[in-house]
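Visitor: Sequence plus the predicted model coming up.
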Amino acid sequence: MPTPIDPPFRLEHIGSLVRPAVLLEARDAHAKGDIDDAALRAVENVEIEKIVAWQVAQGFRVITDGEFRRDTYTDSFGLAAFEGLQRRTVSDENFRYTNHSGEQADMHAVFVEGKLEWTKPVNVADFEFLASITPEGCIPKVTLPGPCHIHYRAGRDKISTGSLSRSRCILVGYR
């Protein structure tokens, strides 16, 4: 579906919507090994179909999958698409994560640990599914963290003199 140059909307949302309980339960079961990838994807598909219908009913013209396939904003792009990144726990009381059960935990951040290499497209199948269920007159969209999220998230003290070449490596993944 071609995207219009002058989109028919004046407002859009980022894309992350509240995950339904059935999806959170399926994610927990998947993490424990109680269900396989296919079973999790089947639950995600059903819940994405429901959230697409809800967005259309609300009059949204830009439709997302609610980010229902992601655990976190960066997981489905940065860590899955690039070698050279590592997810680490950051113990800082200013950056705490509260899960759906109200439990708090330390935040996870992505750090550049080596040369960045873009390994593969990781959101194509998800976008194709979303596009296949997005009605005529609406535009499907996927949200990706911007290059600065990978480059600067760890703080200024982590930016090295090689940051320009690192930025070029990151940008390759966005082409």
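Guide: Received the coordinates, thanks. Numbering: from 1, shown residues only.
Visitor: what is the mean pLDDT for stretch 29-49?
Guide: Mean pLDDT, stretch 29-49: 97.
Visitor: Equivalent analysis for stretch 62-74, please.
Guide: 84.
Visitor: Tell me the buried residues in that stretch?
Guide: V62, I63, T64, D65, G66, E67, F68, R69, R70, T72, Y73, T74 (16 or more other CB atoms under 10 Å). From N, CA and C alone the C-beta is placed, and that goes for glycine too.
Visitor: Return the member of those nearest to C138.
Guide: Closest approach to C138 among the buried residues of stretch 62-74 (CB to CB): I63, at 4.9 Å.
Visitor: Quick check: the gap between that closest one and E103.
Guide: From I63 across to E103, the span is 32 Å (CB to CB, to the nearest Å).
Visitor: quick one, helices of this protein?
Guide: Ranges of helices within the chain are 21-32, 37-58, 80-81, 124-133, 147-152, 163-172, based on DSSP state H.
Visitor: Report the inter-axis angle for the longest one versus helix 124-133.
Guide: Okay, so that is helix 37-58. 40 degrees (axes from the mean of the first three to the mean of the last three CA atoms, to 10 degrees).
Visitor: begin at 8 from here
Guide: Got it, the first residue is 8 from now on, which makes the last one we talked about helix 44-65.
Visitor: ok and helix 44-65 relative to helix 28-39, angle-wise?
Guide: Using the same axes, to 10 degrees: helix 44-65 against helix 28-39 is 160 degrees.
Visitor: Save the helices of the chain as CSV, and put in mean neighbour count and distance to K148 too.
Guide: Formatted as CSV, those follow (neighbours: other CB atoms under 10 Å; distance: least, CB to CB, whole Å):
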stretch, mean neighbour count, distance to K148
helix 28-39, 15, 20
helix 44-65, 15, 11
helix 87-88, 18, 18
helix 131-140, 14, 8
helix 154-159, 17, 17
helix 170-179, 15, 20
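Visitor: Out of those, which is closest to M114?
Guide: Across those, closest to M114 is helix 154-159 (CB to CB), at 13.6 Å.
Visitor: What are the contacting residues of stretch 42-49?
Guide: Residues outside stretch 42-49 that contact it (CB atoms under 8 Å, 6 or more residues apart in numbering) are A33, R34, A36, H37.
Visitor: Please convert the helices of the chain to CSV, extending it with distance to K122.
Guide: Converted to CSV, the helices of the chain look like this (distance: least, CB to CB, whole Å):
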stretch, distance to K122
helix 28-39, 30
helix 44-65, 29
helix 87-88, 14
helix 131-140, 24
helix 154-159, 13
helix 170-179, 7
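Visitor: pLDDT below threshold where in the protein?
Guide: 8-22, 80-84, 102, 153-182 (pLDDT under 70).
Visitor: Which secondary structure elements does the lengthiest strand in the chain sit against?
Guide: If you go by DSSP state E, the chain has its longest strand at strand 111-125. Helices and strands touching strand 111-125, by 3 or more CB pairs under 8 Å, 6 or more residues apart in numbering; DSSP states H and E, are strand 89-97, strand 103-105, helix 154-159, helix 170-179.
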